[in-house]
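> Kindly return the folded structure for what I paste below:
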Amino acid sequence: MSEQYTAASFTKNFSWNRSYKRLHAVIKNGFSAGLSPVARDVWRSRSEIADADRELIPLNFFLYSKRGLNNDFVMVDRLVERTHAEYDLDFARLALFAFHLSMSGNWHRSKWPDGKVAGWGNEFIRTMAWRGGQWHSGAFTETSLKAFIAEKIVAEPMTRRKVFTNYRFMLTSAGILANGELQPTDFRSHWPVDAIQLFWDRQIFAGELAPTSDRSDYHATFIRHEVHKLLGCGEEQGRAFVFSAHRDYSAGRVSQRFAQLEKLKALIAA
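Here you go, the predicted model:
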């Protein structure tokens, strides 16, 4: 049987028709005290969103949470770090990648223990949009996308319509679509390397990569999860990005991620 998903809070308006600037701002607000794990309820109060449902959009669809004994914590990854630089289109593309990655962790009373809050988005890109080493325009037509959402999301027609509208706005604001047409992907910028490092961050947080993991382990998990499809490129081009990403990642960022897990253990024990 084909897997189906819920819409969750993705029906809420988050200004996707304008840009990802609001997402950039609220993530930065949530980590205003520094780049360290922060309790989810604290993050929500710092975000300044002031709407309980809309607070769940960045938390559940874009960020990564880890469950503690009593509190749940939002982790610092490449997407969070990127909010401490100026907003630009590369941030939007990195955020869209995080959405498609659909790896949001776990927290108390989560309805998605596998972290796949946006599992339908991940499936759409890997099984429908990616073909022959790149994304193909046919998958992004209004007819095709509406049909996919109708098949995959269990909801009333109005809810599915809102999901479609928000997702199309997200694709447009990230420069993926223009006037409804798929645009060529610019791989000359730094966002693909950031995206791969973001993926590795979350693999570390999930316990899928260990301090003893070597370069081959990082390469293997990239291929196993078909991350090149989420980037919109072929496997060989993806491997080239992996080489650049790991060279930078292994120079210091990987140790920061494992140190963050140790800090989290201290917060949980406190």
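> and the most centrally placed residue in the chain, what is it in contact with?
Nearest to the geometric centre of the chain sits residue 98, at 1.4 Å (Cα atoms, centre = their mean). The contact partners of residue 98, taken as Cβ atoms under 8 Å, 6 or more residues apart in numbering, are 61-63, 79, 195, 198. Every residue, glycine included, has its C-beta placed from N, CA and C.
> What is the burial count for the residue nearest to residue 76 when sequence neighbours are not counted?
Spatial nearest neighbour of residue 76, excluding adjacent residues (Cβ to Cβ, 6 or more residues apart in numbering): residue 35 at 4.8 Å. Residues lying near residue 35 (other Cβ atoms under 10 Å) number 13.
> can you check residue 59 too?
26.
> Use 700 as the first number from now on
Noted, 700 is the first residue going forward, which turns the last one into residue 758.
> Which residue comes closest to it once chain neighbours are left out?
Distances taken as Cβ to Cβ, 6+ apart place residue 739 nearest to residue 758, at 6.5 Å, with adjacent residues excluded.
> contacting residues around that neighbour?
Going by Cβ under 8 Å, 6+ apart, the list of residues near residue 739 reads 758, 764, 770-773, 806.
> if we can go back for a sec, just the element for the residue nearest to the centre of the chain, please.
helix 788-800 (DSSP states H and E).
> For that helix, give the mean pLDDT please.
Throughout helix 788-800, pLDDT has a mean value of 98.
> can you check stretch 935-947 too?
In the prediction, stretch 935-947 has an average pLDDT of 95.
> Quick one: the strands in the stretch 800-949 of the chain, in order.
829-830, 833-834, 876-877, 880-881 (DSSP state E, counting those that start in this stretch).
> Could you export those as JSON lines, including mean neighbour count, distance to residue 714 and mean pLDDT?
Formatted as JSON lines, the strands of the stretch 800-949 of the chain follow (neighbours: other Cβ atoms under 10 Å; distance: least, Cβ to Cβ, whole Å; pLDDT from 0 to 100):
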{"stretch": "strand 829-830", "mean neighbour count": "16", "distance to residue 714": "28", "mean pLDDT": "97"}
{"stretch": "strand 833-834", "mean neighbour count": "20", "distance to residue 714": "25", "mean pLDDT": "97"}
{"stretch": "strand 876-877", "mean neighbour count": "14", "distance to residue 714": "17", "mean pLDDT": "96"}
{"stretch": "strand 880-881", "mean neighbour count": "14", "distance to residue 714": "23", "mean pLDDT": "96"}
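> mind checking how far the residue found closest to residue 895 once you drop the neighbours it is linked to in the chain is from residue 746?
Spatial nearest neighbour of residue 895, chain neighbours left out: residue 944 (4.0 Å); criterion: Cβ to Cβ, 6+ apart. For residue 944, the distance to residue 746 equals 29 Å [Cβ to Cβ, to the nearest Å].
> Settle it for me: which of the two has more neighbours?
residue 944 (26 against 21).
> where exactly do the helices run in the stretch 800-949 of the chain?
Along the stretch 800-949 of the chain, the segments classed as helices by DSSP state H, counting those that start in this stretch run 818-822, 841-851, 856-872, 890-904, 914-923, 926-930, 934-947.
> from the chain's centre, how far out does the first one sit?
Computed by Cα atoms, centre = their mean, to the nearest Å, the separation of helix 818-822 from the middle of its chain amounts to 11 Å.
> In terms of secondary structure, what does that helix contact?
helix 788-800, helix 841-851 (3 or more Cβ pairs under 8 Å, 6 or more residues apart in numbering; DSSP states H and E).
> for the last one, same thing?
Where contact means 3+ Cβ pairs under 8 Å, 6+ apart, helix 934-947 is packed against helix 890-904, helix 914-923, helix 926-930.
> make it 6 Å
Here helix 934-947 touches helix 890-904, helix 914-923, going by 3 or more Cβ pairs under 6 Å, 6 or more residues apart in numbering; DSSP states H and E.
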